[in-house]
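J.: Would you be able to build a 3D model of this:
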Amino acid sequence: MAIGGTVKRGGAPLANGMISFRPAEGGSGPAAATSIREGRYQFDSTNGPTSGPHQVVILSAIEGKLTAAPVAATPPTPGTDAPWTVEIDVPSRDSSEVSFHIP
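T.: Here you go, the predicted model:
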């Protein structure tokens, strides 16, 4: 599924990081991951997630190194570099725009 969007942290675009879409418990399909660059991420129809419920994990990066491993099940405490996790339902349209705002 082609899907893309913006990732903002504290109101500003997240300079660098990683975003992954994992099928939620009971869901099907492969996981999909891509980089975040200058506040944007993009999957095309060959490397994107399938439609349906997914757990989305966002990691920030500093100088090309991820600051935390994707293990958190809840949003981190504001001001920390822990991963941010949320569940969404990926739409079944051919192309979608889904944006995230991290506190």
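
J.: Where does pLDDT dip in this structure?
T.: Judged by pLDDT under 70, the chain has its weakly predicted residues at 62-82.

J.: repeat that for 50
T.: The chain contains residues with pLDDT under 50 at 68-78.

J.: which residues in it form helices?
T.: Ranges of helices within the chain: none, based on DSSP state H.

J.: Please compute how far the longest strand along the chain lies from its chain's middle.
T.: The residue-count maximum for a strand in the chain (DSSP state E) belongs to strand 52-62. How far strand 52-62 lies from its chain's middle: 3 Å, per CA atoms, centre = their mean, to the nearest Å.

J.: do the same with stretch 12-20
T.: The answer for stretch 12-20 is 8 Å, by CA atoms, centre = their mean.

J.: What lies in contact with it?
T.: For stretch 12-20, the surrounding residues in contact (CB atoms under 8 Å, 6 or more residues apart in numbering) are 6-8, 31-41, 56-62, 64, 66, 70, 100, 102. For glycine as for every other residue, the C-beta is placed from the backbone atoms N, C-alpha and C.

J.: Name the residues that touch the longest strand of the chain?
T.: By CB under 8 Å, 6+ apart, strand 52-62 touches 7, 9, 14-24, 26-29, 36, 66-70, 72, 81, 83-90, 100, 102.

J.: returning to that earlier point: give me the subset of the contacts of stretch 12-20 that lies in strands.
T.: Filtering the contacts of stretch 12-20 for strands - DSSP E - leaves 6-8, 32-37, 40-41, 56-62, 66, 100, 102.
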